[in-house]
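Colleague: Need coordinates for the following:
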Amino acid sequence: MSPLQAKRTRRKFTDEFKRNAMELARTTGKPIAQVAEELGIYDSTLGNWVSCRRRHKTHRRTDSTPIPSCSATRLT
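Modeller: Alright, predicted model coming up:
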């Protein structure tokens, strides 16, 4: 592990932030990388949230539905 990686702390995002970020990526037509940059997060983070949500999509979701936890992605 490099010294830069050792100093980086994991940020935590609320489900509301994640939902809003995914909604922006879905509705604006902008690339995920651009939306992520505008929100100040890594494009891989937003991409993982979007991919995870697609894999766990059910018939109907509400704003109170928690973001699914993916084994390949930590959503915190």
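Colleague: Mind jotting down where the helices sit in the chain?
Modeller: 3-7, 15-27, 32-39, 43-55 (DSSP state H).
Colleague: Any regions of this protein where pLDDT drops low?
Modeller: 1-6, 58-76 (pLDDT under 70).
Colleague: same thing but 90
Modeller: Filtered on pLDDT under 90, the chain yields the residue ranges 1-11, 53-76.
Colleague: Let me have the helices of the chain in TSV, extended by mean neighbour count.
Modeller: Where you see a C-beta, it was placed from the backbone N, CA and C, and this is true even at glycine. Output for the helices of the chain, formatted as TSV (neighbours: other Cβ atoms under 10 Å):
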stretch	mean neighbour count
helix 3-7	7
helix 15-27	16
helix 32-39	17
helix 43-55	17
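Colleague: wouldn't residue 35 be in contact with residue 46 here?
Modeller: Yes. The criterion here is Cβ atoms under 8 Å, and residue 35 meets it with residue 46 at 6.3 Å.
Colleague: shared neighbours of the two, which are they?
Modeller: 21, 25 (Cβ atoms under 8 Å, 6 or more residues apart in numbering).
Colleague: mind checking how far residue 11 is from residue 51?
Modeller: 19 Å (Cβ to Cβ, to the nearest Å).
Colleague: go on, residue 33?
Modeller: For residue 33 relative to residue 51 (Cβ to Cβ), the value is 14 Å.
Colleague: what's the answer for residue 32, then?
Modeller: For residue 32 relative to residue 51 (Cβ to Cβ), the value is 10 Å.
Colleague: what does residue 31 give?
Modeller: With Cβ to Cβ as the criterion, residue 31 and residue 51 are 15 Å apart.
Colleague: hmm, who's touching stretch 22-31?
Modeller: For stretch 22-31, the surrounding residues in contact (Cβ under 8 Å, 6+ apart) are 32, 35, 39, 46, 49-50, 53.
Colleague: give me that answer again for 6 Å
Modeller: 32, 35, 49-50, 53 (Cβ atoms under 6 Å, 6 or more residues apart in numbering).
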